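>>> Sequence and predicted structure are below.
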There are 2 protein chains.
Amino acid sequence: MKALDDDYISLAHGNGGRYMRELIDAIFAHHLDNPHLDTRADAAGLLLASPDVMVTTDGFTVKPLEFPGGSIGSLAVHGTVNDLAVAGAVPAWLTVNAFIEEGLEVALLDRLVAALGAAAREAGVAVVAGDTKVVQRGEGGGLYLATTGIGLRRPGLDLGLDRIRAGDRLLVSGPVGDHGIAVMLAREQFGLRGDLHSDSASVLPLADAATSVPGLRFMRDPTRGGLATVCHDIAAATAREVRLDAAAVPIRESVQSVCDMLGYDPLYLACEGRVVAVVADDAAAALLAAWRALPSGADSAIIGRVTQGPARVVLRTELGGERLLDELEDDPLPRIC
Amino acid sequence: MKALDDDYISLAHGNGGRYMRELIDAIFAHHLDNPHLDTRADAAGLLLASPDVMVTTDGFTVKPLEFPGGSIGSLAVHGTVNDLAVAGAVPAWLTVNAFIEEGLEVALLDRLVAALGAAAREAGVAVVAGDTKVVQRGEGGGLYLATTGIGLRRPGLDLGLDRIRAGDRLLVSGPVGDHGIAVMLAREQFGLRGDLHSDSASVLPLADAATSVPGLRFMRDPTRGGLATVCHDIAAATAREVRLDAAAVPIRESVQSVCDMLGYDPLYLACEGRVVAVVADDAAAALLAAWRALPSGADSAIIGRVTQGPARVVLRTELGGERLLDELEDDPLPRIC
């Protein structure tokens, strides 16, 4: 019995959408399943001396290694710290795995690891373990990183997709698509300039503020697959309809222009410094105010709601019509994280 | 100021010896240093609700992906579990990062992840988090894995290089060099047969037995760089002389033959299922007996001692002479773990 429909791994299996989910279910979840493994959660709670220890892990293959607003070094910290933060945990420790390709310029590696260190210090996490491997020229991508983060869940928090109810509201903490576009432009060297840079940052302050708001149900960072994919995750898990208001979703003009020019939809592009939150209807205003009080949340907005109805994502367009937002099939931009 | 003597990363920076240590010190430790980070330890103790939580991480780039006695899948569990075991911890949780190259045969990936799952179950560890990334053909090595292990230190244990005293004895739990040779033969396809297979296995039973012996000072698993490198670590950390008895070191005839033919020294070749232990002189016999009672320790031996004297490793040869065992400079066998 074939585990997967395909015989060979294709780039689509890394796209953050349907093909990647199938890969994870058919092979990884299939063989590794145990009561602690939830392949749809951002971080796992471990029963240790303290039941509130959370752990998460992420791999980083972004190309190019440096881009406006960040690098694989800082991204490797932000990505993992953010998964803990949106799970309601305070990140404390990090492990780092580096896969270095023969021929990589040492000065570049030094910059990248310096960036990693700086991001870790800024986020208040300590790197406690690491490993480096060197692979032959032609068998690596310059540098790949994997980081595992360990943190402590804030006491009394109860967040999860299962807490979401019809009537709840969706918020996003800032403009979407910045990271995906910034990396793509740096890679393709279209020669486009402007204020296009990644939003890569620790979302700890945003998560912090959100967890102080009663009525917070769930948070997720919209990375691979973007905002639309988070909405799909919510719809699928709650078996409810998620309704998005296109006019309310913050998108930078510069990002929208590039997307229009090149045929990308910013709703599917990765962010690396944003939070999508689901909150009780009567708490939405409070969360909005809390986020807007933060520098990183200045452009926060209430962008939609969860309603009764079939599990799907409906976008109310700027013209007042409605269209279905499909689940991501083919990633328009590989290797952005 | 150049961080490292070299401008470009070479394969030597991944060899487990001097060049790798320089890379780690000059770049990784330099930028990531904090009170919890000890780049010379197998696992790190974290101060959490329980001060006995240990964590370690390892990357795996072994080529070929499958070899007699194991695969990158089982190795990714054994390598990390063993680092926790020799630190005196009981491994409990694992995170897994996979970097999959486009074009990898799905059936092969399935076998490898199945092997990972089986090894995890056998070692009693649960995979609690994971991530998969797919990279373009030509920018990966089929599959690379990173695993982070978390476990609980056995209470009351106090192991470390700093516990070692002059007069202590060294033991090894079985024949050395099996893994390095098995992988090399599988890779180069010399057409040599026989009983040559990797010793890749969880050393938990061996570590378990050792921690029950009063007078245990220190344990390490002799992976990259082999037994000789562990001896160098001991000599350097204790500023004492480590004396090895060549005649006492267990080495399979088949492994020695291949080494003789191809010019390798089994003392520098990786093992993936062995423990090197340093124990008080009057406890050596007890540890030897405890290990020999286990299937995986049937060929255990007392192989040397720590003495006063300059920090160096001296090998008493089978002919009765003595020679210095140098620190590993150039790894004879890259990509064996």
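Now that the structure is in, tell me what you want to look at.
>>> Any idea what the closest residue to residue A:168 other than its chain neighbours is bridged to?
Nearest residue to residue A:168, sequence neighbours excluded (Cβ to Cβ, 6 or more residues apart in numbering or on different chains): residue A:306, at 4.6 Å. Glycine gets a C-beta too; all of them are placed from N, C-alpha and C. For residue A:306, the beta-bridge assignment (DSSP bridges) gives partners residue A:242.
>>> mind listing what residue A:306 touches?
Applying Cβ atoms under 8 Å, 6 or more residues apart in numbering or on different chains to residue A:306 gives the contacts A:164-170, A:234, A:238, A:240-243, A:278.
>>> Quick check: residues of the stretch 151-300 of chain A near chain B?
residue A:152 (Cβ under 8 Å from any Cβ of the partner chain).
>>> which stretches of the stretch 151-300 of chain A form helices?
A:178-188, A:204-211, A:226-238, A:253-262, A:284-292 (DSSP state H, counting those that start in this stretch).
>>> right, and those helices - which one's nearest residue B:190?
Set against residue B:190 and scored by Cβ to Cβ, the helices of the stretch 151-300 of chain A come closest in helix A:178-188, at 41.9 Å.
>>> For that closest one, enumerate the helices and strands it packs against.
strand A:66-67, helix A:253-262 (3 or more Cβ pairs under 8 Å, 6 or more residues apart in numbering or on different chains; DSSP states H and E).
>>> The first one pairs with which strands, and in what direction?
Paired with strand A:66-67 in the same sheet, following DSSP bridges, are strand A:70-71 (antiparallel).
>>> Report the rounded mean pLDDT for the strand it pairs with.
In this model, strand A:70-71 carries a mean pLDDT of 97.
>>> Tell me the helix or strand right after it.
helix A:72-86 (DSSP states H and E).
>>> Show me what the helix or strand just after that next one pairs with in its sheet, parallel or antiparallel.
Tracing the chain past helix A:72-86, the next element assigned as helix or strand by DSSP H and E is strand A:89-101. Note on strand A:89-101: by DSSP bridges, its sheet partners are strand A:126-135 (parallel), strand A:143-153 (antiparallel).
>>> does the next helix or strand after strand A:89-101 come close to chain B?
Moving toward the C-terminus from strand A:89-101, the next helix or strand (DSSP H and E) is helix A:106-123. Yes - using Cβ under 8 Å from any Cβ, we find that helix A:106-123 touches chain B at A:106, A:107, A:109, A:110, A:113, A:114, A:116, A:117, A:118, A:120.
>>> Which of those residues are buried? Put it as a ChimeraX command.
Buried members of the residues of helix A:106-123 next to chain B, defined by 16 or more other Cβ atoms under 10 Å in any protein chain shown, are picked up in ChimeraX with:
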select /A:106,109,110,113,114,116,117,120
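>>> ok, so of the residues of helix A:106-123 next to chain B, who is nearest chain B?
Distance to chain B across the residues of helix A:106-123 next to chain B (Cβ to the nearest Cβ) is lowest for residue A:117, with 3.7 Å.
>>> residues touching the residue lying closest to that closest one once chain neighbours are set aside, list them.
The shortest distance from residue A:117 to any non-neighbouring residue, by Cβ to Cβ, 6+ apart, is to residue B:31 (3.7 Å). Residue B:31 is in contact with A:110, A:113, A:114, A:116, A:117, A:118, counting by Cβ under 8 Å, 6+ apart.
>>> what would the residues you listed look like in TSV with pLDDT?
Converted to TSV, those look like this (pLDDT from 0 to 100):
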residue	pLDDT
A:110	88
A:113	91
A:114	91
A:116	93
A:117	92
A:118	93
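>>> For these, give me a markdown table that also has distance to residue A:224.
Compiled in a markdown table, the contacts of residue B:31 are given as follows (distance: Cβ to Cβ, whole Å):
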| residue | distance to residue A:224 |
| --- | --- |
| A:110 | 28 |
| A:113 | 24 |
| A:114 | 26 |
| A:116 | 20 |
| A:117 | 25 |
| A:118 | 24 |
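>>> Nearest to residue A:76 among those residues?
Checking these one by one against residue A:76 (Cβ to Cβ), the nearest turns out to be residue A:116, at 5.8 Å.
>>> give the contact list for the residue nearest to that closest one when sequence neighbours are not counted.
Distances taken as Cβ to Cβ, 6+ apart place residue A:73 nearest to residue A:116, at 3.8 Å, with adjacent residues excluded. Neighbouring residues of residue A:73 by Cβ under 8 Å, 6+ apart: A:111, A:112, A:113, A:114, A:115, A:116, A:117, A:119, A:145.
>>> cutoff 10 Å now
Listed by Cβ atoms under 10 Å, 6 or more residues apart in numbering or on different chains, the contact set of residue A:73 reads A:60, A:65-66, A:96, A:98, A:109-120, A:143, A:145, B:31.
>>> domain assignment for chain A?
Domain ranges of chain A: A:11-153, A:161-324, per automatic domain parsing.
>>> among those domains, which gets the worst mean confidence?
domain A:11-153 - the lowest mean pLDDT of the domains of chain A, at a mean of 84.
>>> Point me to the residue of the stretch 101-250 of chain A nearest chain B.
For the stretch 101-250 of chain A, Cβ to the nearest Cβ, closest residue to chain B: residue A:134, 2.9 Å.
>>> thought that residue was touching residue B:224?
No - using Cβ atoms under 10 Å, residue A:134 is not in contact with residue B:224; the gap is 11.1 Å.
>>> PyMOL command for the buried members of the contacts of residue A:306?
Applying 16+ other Cβ under 10 Å to the contacts of residue A:306, the buried members can be selected in PyMOL as follows:
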select buried, chain A and resi 164+168+169+170+234+238+240+241+242+243+278
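>>> Tell me the one of the contacts of residue A:306 nearest residue A:154?
For the contacts of residue A:306, the nearest to residue A:154 is residue A:278 (17.4 Å; Cβ to Cβ).
>>> Who does that closest one form a beta bridge with?
residue A:170, residue A:218.
>>> ok, back up a step: distance check, the residue nearest to residue A:168 against chain B.
27 Å (Cβ to the nearest Cβ, to the nearest Å).
>>> related to what we said a few turns ago, which of the contacts of residue A:306 lies closest to residue A:23?
Closest to residue A:23, out of all of the contacts of residue A:306 and judged by Cβ to Cβ, is residue A:234, at 21.6 Å.
>>> for that closest one, what are its contacts?
A:161, A:164, A:168, A:170, A:217-218, A:220, A:240-242, A:276, A:278, A:304, A:306, A:311, A:313.
>>> Apart from its chain neighbours, what residue comes closest to the residue positioned nearest the centre of chain A?
When chain A is reduced to its mean C-alpha position, the nearest residue by Cα atoms, centre = their mean turns out to be residue A:223, at 2.6 Å. Distances taken as Cβ to Cβ, 6+ apart place residue A:270 nearest to residue A:223, at 5.0 Å, with adjacent residues excluded.
>>> Hmm, residue A:230 and that neighbour touching each other?
No - using Cβ under 10 Å, residue A:270 is not in contact with residue A:230; the gap is 11.1 Å.
>>> Save the strands paired with strand A:89-101 as TSV, and put in mean neighbour count too.
TSV is the format used below for the strands paired with strand A:89-101 (neighbours: other Cβ atoms under 10 Å in any protein chain shown):
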stretch	mean neighbour count
strand A:126-135	24
strand A:143-153	27
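>>> Present those strands as CSV; the columns should include distance to residue B:209.
Below are the strands paired with strand A:89-101 laid out as CSV (distance: least, Cβ to Cβ, whole Å):
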stretch, distance to residue B:209
strand A:126-135, 26
strand A:143-153, 29
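>>> Kindly export stretch A:226-233 (C-alpha atoms) in PDB.
The C-alpha coordinates for stretch A:226-233 follow below in PDB (Å, rounded to 0.1, in the frame of the first residue of the first chain):
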ATOM      1  CA  GLY A 226      -0.200  32.800   5.000                       C
ATOM      2  CA  LEU A 227      -3.400  34.100   6.500                       C
ATOM      3  CA  ALA A 228      -5.600  32.100   4.300                       C
ATOM      4  CA  THR A 229      -4.100  28.800   5.500                       C
ATOM      5  CA  VAL A 230      -4.700  29.800   9.100                       C
ATOM      6  CA  CYS A 231      -8.300  30.400   8.300                       C
ATOM      7  CA  HIS A 232      -8.500  27.000   6.600                       C
ATOM      8  CA  ASP A 233      -7.000  25.400   9.700                       C
END
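>>> Alright, calling it a day.
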